[in-house]
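K.L.:
how does the following fold in three dimensions:
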Amino acid sequence: MLPAVMRWNEKANYSRQVRVSQAMGSPETSASQLLEKLIQDLGMPTRLSDVDINAKDFASIAEKAMGTPWVPHNPRKINGPSDVLEILKLAE
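P.N.:
Numbers count the residues shown, from 1 in each chain. Just a heads-up that it's a prediction; the model follows:
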C-alpha cells in the first residue's frame, strides 16, 4: 500500500520524496518505485490483489478508511472516499 500512497501524495510532497530517493542511493528513481522494489526483494506482497483484496472490496475499504486517524494528517488532502479509491486503484 505504501508505494501507492506515495505515488498519490507525490504532488504534495515531491521534494521530500526526492530526498528519500537520494537517501536510498537512486535520486533518478521515484521513491515509490524504490520502495516497491525493496518490498518485492523482501518477498512481500506489493499489490492488494496479492493478498486477495480486489476492486469489489474498494468501496467498503474507502468508506472505513475515512474514519482512520491517518486521513487528516495525509500530506495531500483526502477530500472523501473517492480520493481513497484513487489510492486503492494505484495499489490494485
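K.L.:
CA atoms only: put stretch 31-41 into PDB for me.
P.N.:
In PDB, the C-alpha atoms belonging to stretch 31-41 read as follows (Å, rounded to 0.1, in the frame of the first residue of the first chain):
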ATOM      1  CA  ALA A  31      10.800   6.900  -4.000                       C
ATOM      2  CA  SER A  32       7.700   4.900  -4.600                       C
ATOM      3  CA  GLN A  33       9.400   2.700  -7.200                       C
ATOM      4  CA  LEU A  34      12.400   2.200  -4.900                       C
ATOM      5  CA  LEU A  35      10.200   1.200  -2.000                       C
ATOM      6  CA  GLU A  36       8.100  -1.100  -4.200                       C
ATOM      7  CA  LYS A  37      11.300  -2.800  -5.400                       C
ATOM      8  CA  LEU A  38      12.500  -3.200  -1.800                       C
ATOM      9  CA  ILE A  39       9.200  -4.800  -0.800                       C
ATOM     10  CA  GLN A  40       9.500  -7.200  -3.800                       C
ATOM     11  CA  ASP A  41      13.100  -8.100  -2.900                       C
END
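K.L.:
quick one: contacts of it?
P.N.:
Stretch 31-41 is contacted by residues 2-4, 6-7, 10, 17-18, 20-21, 24, 26, 45-46 when judged by Cβ atoms under 8 Å, 6 or more residues apart in numbering. Yep, even glycine has a C-beta here, placed from its N, CA and C like the rest.
K.L.:
switch to 6 Å and redo it
P.N.:
3, 6-7, 17, 20-21, 24, 26, 46 (Cβ atoms under 6 Å, 6 or more residues apart in numbering).
K.L.:
next up, the contacts around the residue located most distally from the centre of the chain.
P.N.:
In the chain, the residue that sits farthest from the middle, by Cα atoms, centre = their mean, is G25; the gap is 20.7 Å. Under the criterion of Cβ under 6 Å, 6+ apart, G25 has no neighbours.
K.L.:
neighbours around E92, how many?
P.N.:
When neighbours are counted by other Cβ atoms under 10 Å, E92 registers 12.
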